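1. Sequence first, predicted coordinates after that:
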Protein chains: 2
Amino acid sequence: MPRPTIDDVATLAGVSIKTVSRVVNHEPNVRGLTRDKVEKAIAQLDYRPNPSARNLASSRARLIVLVYDDPSAYEVPSAGYIINMQEGALKACRKAGFELLIHPCNYRNENVGKELTELIGQVRPAGIIVAAPLSNLPLIVKPITETDTPCVRLSTGSGSAKEYTIGTNDREISAEMTRYLASLGHRRIAFVKGNRQHKAVGNRFKGYKDGLDESGLPYLEELVAEGDNSIGSGERCAEDLLRRSPRPTAIFSANDDMAAGVLRTANRLGISVPGELSIAGCDDIALAQQIYPALTTIRQPLSAMSELASLALVNSSRGNPHEPGLDVVPGIIKVRDSTAPAPE
Amino acid sequence: MPRPTIDDVATLAGVSIKTVSRVVNHEPNVRGLTRDKVEKAIAQLDYRPNPSARNLASSRARLIVLVYDDPSAYEVPSAGYIINMQEGALKACRKAGFELLIHPCNYRNENVGKELTELIGQVRPAGIIVAAPLSNLPLIVKPITETDTPCVRLSTGSGSAKEYTIGTNDREISAEMTRYLASLGHRRIAFVKGNRQHKAVGNRFKGYKDGLDESGLPYLEELVAEGDNSIGSGERCAEDLLRRSPRPTAIFSANDDMAAGVLRTANRLGISVPGELSIAGCDDIALAQQIYPALTTIRQPLSAMSELASLALVNSSRGNPHEPGLDVVPGIIKVRDSTAPAPE
DNA sequence: CGGCCAATTGACAGCGCAATCATTTACGCA
DNA sequence: TGCGTAAATGATTGCGCTGTCAATTGGCCG
């Protein structure tokens, strides 16, 4: 049996299809009595509008696109980050009856801009969420905004004058992590910086320096290494840092992958964690709990952020665009087993 | 400026819209000359068909749904598995101009069946891919097939009489892994079984026994433990197994998460890997390379499998349904650092 | 009770495309 | 050259819905 259409509902309820349309779309100016009749008919027929027809008629799809850095472009992709984001967006979409289209995207590709423009032209989404680090690249954001598609940036970096941005308190929470390490008695706290392209990790570095300062510890250039966000770079940075003398007793990395790399190196060198060396990361990807010892880290509220973003886009499609600006969803520190009081 | 429509193309090319439609959809019976004209017009206008209009007119969306076990239902979700699957499906979809809708799904939920039926009614996808372990649950598969939506099962378990199934040579490759461990001199090779509900892990257990047999080793009940696919269960099983005397010198787990758990336990107990204990897993999720030492494992060709599945569904929507049956994409053994010759 | 305005409802025209069926063209052969 | 057939092309309808604008209704006031 074919699915019921708006005509069937209208006939059953004894009204015109336009009235049914009004009820379905929660438009004003429908009498309570009429609304009840229509809703009863809808329930009775188990009617649900055909999205394609709606999209065609209104020329905008009930669909949100999530754009993020393509993990398959990397040797050892970091999947946890993405799954977390998808989760929040899916949640909001389901609640609103929207669908989520995922679009991993390689920013090294020459034609990303065109690719996105085409995607938008193709599916006409109600909105687009652009995740960090892509959200900091004009190369990505500009083509999107030029199509007039509502766009929310997920950026642990900074706000933007033109788009609504959802961020987190990277700098503050990183400072807090640093103070936490200091409170455990650590005096030589090293830091592994991440990819310079990513503003987020820059903020974390600033937070690290803030934290040192607030704990009355000096900032030492020799205790900072620069990675590229990958596990491998974490390993190399750790080799470097652990060669210093005296050795740092804690290493705080700008993301979990690098922290996992630090842990690998410590394991390889036979340095006990957390006995001789405390390790802290940032992101709380699944990996953080899968390695041994489980990583003390900063939980990025990624799921909450993408949920908020989706919500904003849904509202926007209903006529309430969100004004530009920065909303901050705070992260929290998850203390696990990779940090302990400083030795001695 | 509004996007060009099929009418614009027809006008520019001096043909009817039906002819344009034929060219766009690669239908036969168009003269080469005409085709060229139309294609030139399409290129000139940068025309791309409106998917909503197509869907409305043909009452089936150019869209594939990927259904998988909802990771957020678990405490420590295993994201790698999912990302790999998404990757292959995305690849095939892009090539065919299809979109991918992801639908994580909690099978413990009472209403999964209805949920899926509604989803299908809602979006009318060209097809659905159901990933293991959901693909082995009638609870999930039946409601789908009842809607006449083409459905491909991804199951490392077994084929099905009614749906096309893409699997892998779990049993054989697990036997090979076992033989490999035996070839390293291991005589006491333990096995960690996974969740009974998952046929795949059952096959791996069979493969383990085959491998022992082929290597002339006895099957010992005491060297088998039963986990539930989670890291935590791997830890517990390892505690059990390592209490045996003499201790096993190799532990082969039915998935990587549990192998990671085994490694955590070994680390905790101060047992050196791979010096005193070799560890092997199965799946080759990203985690396998993120822990130390990197895990020797069986690489599941998940991406290839989901790509194949998507392709089959695309073809199906073009009038070439795939007949039921089982296709096997073989896995391969990735030797990394967690396995070494047996001690002594 | 008549009149007027606002609230409510409906008629109808597309949105852009696929599919059906009718029409035209091309080609082979006698 | 003319006929028959198959190939190529086109005219038209309708998919299910939204948006526009017109028609109707109801309520309130004088």
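-> Alright, I've got the coordinates. Numbers count the residues shown, from 1 in each chain, chains lettered A, B, ... in the order given.

2. What does the closest residue to residue A:188 other than its chain neighbours show for phi and psi?
-> Among residues not flanking residue A:188 along the chain, residue A:248 sits closest, at 4.3 Å (Cβ to Cβ, 6 or more residues apart in numbering or on different chains). (Glycine included, C-beta is placed from N, CA and C.) The phi/psi pair for residue A:248 (degrees, to the nearest 10) reads phi -60, psi 150.

3. Is it correct that residue A:248 is in contact with residue A:242?
-> Yes. The pair residue A:248 and residue A:242 passes the contact test of Cβ atoms under 8 Å, sitting 7.3 Å apart.

4. Roughly how far does the residue nearest to residue A:188 sit from residue B:236?
-> Residue A:248 sits 35 Å away from residue B:236, going by Cβ to Cβ, to the nearest Å.

5. same question, residue A:314
-> 43 Å.

6. now residue A:7
-> Distance, residue A:7 to residue B:236, by Cβ to Cβ: 60 Å.

7. Check residue A:21 too.
-> For residue A:21 relative to residue B:236 (Cβ to Cβ), the value is 57 Å.

8. Who are the contact partners of the residue nearest to residue A:188?
-> Neighbour list for residue A:248: A:188-190, A:223, A:241-242, A:277 [criterion: Cβ atoms under 8 Å, 6 or more residues apart in numbering or on different chains].

9. how about a cut-off of 6 Å?
-> Listed by Cβ atoms under 6 Å, 6 or more residues apart in numbering or on different chains, the contact set of residue A:248 reads A:188, A:190, A:223, A:241.

10. How about residue A:90?
-> Residue A:90 is in contact with residue A:100, counting by Cβ under 6 Å, 6+ apart.

11. and it, which of the three is it?
-> Three-state assignment for residue A:90 (DSSP: H, G, I helix; E, B strand; the rest coil): helix.

12. Tell me the confidence at it?
-> Looking at residue A:90, its pLDDT reads 89.

13. measure it to residue A:310 for me?
-> Distance, residue A:90 to residue A:310, by Cβ to Cβ: 8 Å.

14. What of residue A:73?
-> Distance, residue A:73 to residue A:310, using Cβ to Cβ: 25 Å.

15. before we move on, what about residue A:197?
-> The spacing between residue A:197 and residue A:310, counted by Cβ to Cβ, is 26 Å.

16. where exactly do the helices run in the stretch 201-344 of chain A?
-> For the stretch 201-344 of chain A, applying DSSP state H, counting those that start in this stretch gives helices covering A:231-241, A:256-269, A:287-290, A:302-317.

17. Now do the second one against helix A:231-241: the angle between them, please.
-> Between the axis of helix A:256-269 and that of helix A:231-241 there is an angle of 50 degrees, by axes from the mean of the first three to the mean of the last three Cα atoms, to 10 degrees.

18. From the contact counts, what lies against helix A:256-269?
-> Packing partners of helix A:256-269 (3 or more Cβ pairs under 6 Å, 6 or more residues apart in numbering or on different chains; DSSP states H and E): helix A:231-241, strand A:250-253, strand A:278-280, helix A:287-290.

19. for that helix, the distance to its chain's centre please.
-> 24 Å (Cα atoms, centre = their mean, to the nearest Å).

20. Quick check: mean pLDDT of it?
-> Per-residue pLDDT over helix A:256-269 has a mean of 94.

21. For that helix, give me every contacting residue.
-> A:78, A:192, A:227, A:231, A:234-235, A:238-239, A:251, A:253, A:273, A:277, A:279, A:281, A:283, A:285, A:287-288, A:291, A:295, A:297, B:290, B:292.

22. Show me what the strand or helix carrying residue A:175 is in contact with.
-> Element membership for residue A:175 (DSSP states H and E) is helix A:170-183. Here helix A:170-183 makes contact (Cβ under 6 Å, 6+ apart) with A:156, A:189, A:200, A:203-204, A:206-208, A:210-212, A:214-215, A:250, A:280, A:298, A:331, A:333.

23. buried sites along it?
-> Residues of helix A:170-183 classed as buried: A:170-182 (neighbour count, 16 or more other Cβ atoms under 10 Å in any protein chain shown).

24. Please convert the residues you listed to a markdown table, extending it with pLDDT.
-> Listed next are the buried residues of helix A:170-183 as a markdown table, based on pLDDT from 0 to 100:
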| residue | pLDDT |
| --- | --- |
| A:170 | 89 |
| A:171 | 91 |
| A:172 | 93 |
| A:173 | 94 |
| A:174 | 96 |
| A:175 | 96 |
| A:176 | 96 |
| A:177 | 97 |
| A:178 | 97 |
| A:179 | 97 |
| A:180 | 97 |
| A:181 | 97 |
| A:182 | 97 |
